[in-house]
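# quick one: sequence plus predicted model below, questions after.
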Amino acid sequence: MRTPLLPISELAEQIRGVTYHQQDVVEEPRAGYIPVLRAGNITDSGLVFHDLVYVRRDLVSDKQLIRKHDVLVATSSGSLNMVGKAAAAEEDFNGSFGAFCCVLRPNGNVDPRYFAHFFRTPQYRRAIASLATGANINNLRREHLDELRIPVPPLGEQRRVAAILDKADNLRVQRRTSIEQLNRLAESIFLEMFGHPATNTKGWETTTLGEVGRFVGGGTPSRSNPAFYTGDICWATSKDIRSKYLDDTEEHITQEAIEKSATKLVPPGSILVVVKSKILARSLPVAITRVPTCFGQDIKAIIVNEHWDAEYVAYSLRIGQRMLLARARGVNTEGLTLEHLRSFRLLKPPLRLQREFAQRVRVINQLMDKMQTSLRHLDELFASLQQRAFRGEL
């Protein structure tokens, strides 16, 4: 028997978000105000509850409070990649959502977990992409979602499929949690061995980052010569600094591009620091190169001298990032100057201890690499299960 395809309008109520004016918003919790989720709170791993704004409670209807199993969808964004992004609420939330989002609240015609899983499938993302193709739209209208069709087998089959997908997804969550714990372990080892740079409870000698090594600025080969971007030499921008190590980049350039531009090639073991990006309002991306790399103007490189270990220096920057960013321009900073970096103070333990720390981090990284490989395999398995589930093949 063929599985029926039903429109979302028969499976869920669509609820639009709260409209508010700037004078109705505060950025900290306050009596008479409740938190509001926005498109940035929707991630591939689920809803996140930081970077919130708060609006007057009287502006929010009871229906606009987020309930367990609600699927929050980004309906408008400056980025086409964000439009259509969706995640389900795991619990009731005493808060609401903004006007650039909507909630799909499943009814009794569909299992809520089955319904939520559909919005994570490649089929759903393709459907959203097809709505935007050629139209350059950054908005989903009510009818776009209401008319979207989902395969809906009997409820018992929906629950069986949802249980399988939940188990597979839980394995991914557990693996990501283990990776995050290993990340925190390296920072804990740093603090145990050296203490926090802000307090220096162990009484180490201190120095400035300017004394650690040589700073190298970036440059961008001319975009008017596309041939410059046909090589195999890594050329990094801030979007490439996503993890603690850089093994590859989205763009690659030629040797001629280096010779005819201000960009420079730095060796493996160089520290790359993002100095211009909106992300600096929240964090400081730092990575160690594991391949020869060039980079743009939004990055500075540090090549440490023989008295320092790059791993130790990189972690000093990560752990002391709040001090550096606060000293630069406060919480809204979008840029660091060379002087900000040069004057950053860090602890100066013996090189022997720096290298001991680096060796312990290498052991952690070996475990993390294995877990990352396992996570990739789990992601591939989950994607395969999703596609099969909504083709009625699971």
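Thanks, I have it. Numbers count the residues shown, from 1 in each chain.

# which residues of the chain fall in helices?
For the chain, the helices defined by DSSP state H occupy 112-118, 122-132, 142-146, 155-194, 255-259, 310-319, 321-328, 338-342, 351-389.

# adding distance to Thr208, mean pLDDT and mean neighbour count, write the ones you listed out as TSV.
No exception for glycine: its C-beta is placed from N, CA and C like everyone else's. Putting the helices of the chain into TSV (distance: least, Cβ to Cβ, whole Å; pLDDT from 0 to 100; neighbours: other Cβ atoms under 10 Å) gives the following:
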stretch	distance to Thr208	mean pLDDT	mean neighbour count
helix 112-118	51	95	23
helix 122-132	48	82	15
helix 142-146	55	91	16
helix 155-194	17	93	15
helix 255-259	30	95	15
helix 310-319	11	96	21
helix 321-328	12	79	16
helix 338-342	6	91	15
helix 351-389	16	93	15
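
# okay if I get the ones you listed as JSON lines plus distance to Lys85?
Below are the helices of the chain laid out as JSON lines (distance: least, Cβ to Cβ, whole Å):
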{"stretch": "helix 112-118", "distance to Lys85": "13"}
{"stretch": "helix 122-132", "distance to Lys85": "9"}
{"stretch": "helix 142-146", "distance to Lys85": "13"}
{"stretch": "helix 155-194", "distance to Lys85": "17"}
{"stretch": "helix 255-259", "distance to Lys85": "35"}
{"stretch": "helix 310-319", "distance to Lys85": "28"}
{"stretch": "helix 321-328", "distance to Lys85": "28"}
{"stretch": "helix 338-342", "distance to Lys85": "34"}
{"stretch": "helix 351-389", "distance to Lys85": "16"}
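
# ok, which of these comes nearest Lys300?
helix 338-342 (6.3 Å; Cβ to Cβ).

# what's that closest one in contact with?
Contact partners of helix 338-342, identified using Cβ atoms under 8 Å, 6 or more residues apart in numbering, comprise 208-210, 215, 217, 273, 275, 300, 302, 324, 327-328.

# hmm, which of these are the buried ones?
The neighbour count (16 or more other Cβ atoms under 10 Å) marks 209, 215, 273, 275, 300, 302, 324, 328 as buried among the contacts of helix 338-342.

# just give me the neighbour total for Ile66.
Ile66 has 22 neighbouring residues, counting by other Cβ atoms under 10 Å.

# hey, what's it bridged with?
Assessed by DSSP bridges, Ile66 has beta-bridge partners Phe93.

# of all the helices of the chain, which one is nearest Arg57?
Per Cβ to Cβ, nearest to Arg57 of the helices of the chain: helix 142-146, 25.5 Å.

# mind checking how far the closest one is from the chain centre?
28 Å (Cα atoms, centre = their mean, to the nearest Å).

# what's that helix in contact with?
Counting by Cβ under 8 Å, 6+ apart, residues outside helix 142-146 touching it are 7-9, 14, 16, 73, 75, 102, 104, 131.

# coming back round to it: same list (the buried ones among the contacts of helix 338-342) but as a markdown table, adding distance to Leu140.
As requested, those are exported to a markdown table (distance: Cβ to Cβ, whole Å):
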| residue | distance to Leu140 |
| --- | --- |
| Leu209 | 46 |
| Phe215 | 46 |
| Val273 | 38 |
| Val275 | 36 |
| Lys300 | 40 |
| Ile302 | 44 |
| Leu324 | 40 |
| Ala328 | 38 |
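
# with respect to Ser316, which of those residues is nearest?
Of those, the one sitting nearest to Ser316 (Cβ to Cβ) turns out to be Leu209, at 8.3 Å.

# Lys348 is in contact with that closest one, correct?
No: between Leu209 and Lys348 there is no contact, the gap being 11.1 Å when judged by Cβ atoms under 8 Å.

# residue contacts, the residue nearest to Asp247 when sequence neighbours are not counted?
Take Asp247 and drop its neighbours on the chain: the residue closest to it by Cβ to Cβ, 6 or more residues apart in numbering is Arg290, 5.1 Å away. Residues in contact with Arg290, defined by Cβ under 8 Å, 6+ apart, are 245-247, 268.

# give me the distance between the two termini of stretch 24-34.
11 Å (Cα to Cα, to the nearest Å).

# which of the contacts of helix 338-342 fall within strands?
208, 215, 217, 273, 300, 302 (DSSP state E).

# ok, which pair from these is furthest apart?
Once Cβ to Cβ is applied, the ones in strands among the contacts of helix 338-342 give Thr208 and Gly217 as the farthest pair, at 18.3 Å.

# most widely separated two among the contacts of helix 338-342?
Most distant of those, by Cβ to Cβ, are Gly217 and Arg327, 20.6 Å apart.

# identify the bridge partners of Leu47.
With DSSP bridges as the rule, Leu47 is bridged to Ile42.

# what sits against it?
37, 41, 72, 87-90.

# before we move on, the earlier item: top of the contacts of Arg290 by neighbour count?
So for the contacts of Arg290 (other Cβ under 10 Å), the most neighbours sit at Leu246, 21 neighbours.

# what about Val83, how many neighbours?
Other residues close to Val83 by other Cβ under 10 Å number 23.

# thinking it is in contact with Thr75, fair?
Yes: assessed by Cβ under 8 Å, Val83 is found in contact with Thr75 at 7.1 Å.

# hey, what's in contact with both of those two?
In contact with both Val83 and Thr75: 139-140, using Cβ under 8 Å, 6+ apart.

# please report the distance of the closest residue to Leu191 other than its chain neighbours from Met193.
Sequence neighbours aside, Ile319 is the residue nearest to Leu191 in space, at 7.2 Å (criterion: Cβ to Cβ, 6+ apart). Distance of Ile319 to Met193, given as Cβ to Cβ, to the nearest Å: 12 Å.
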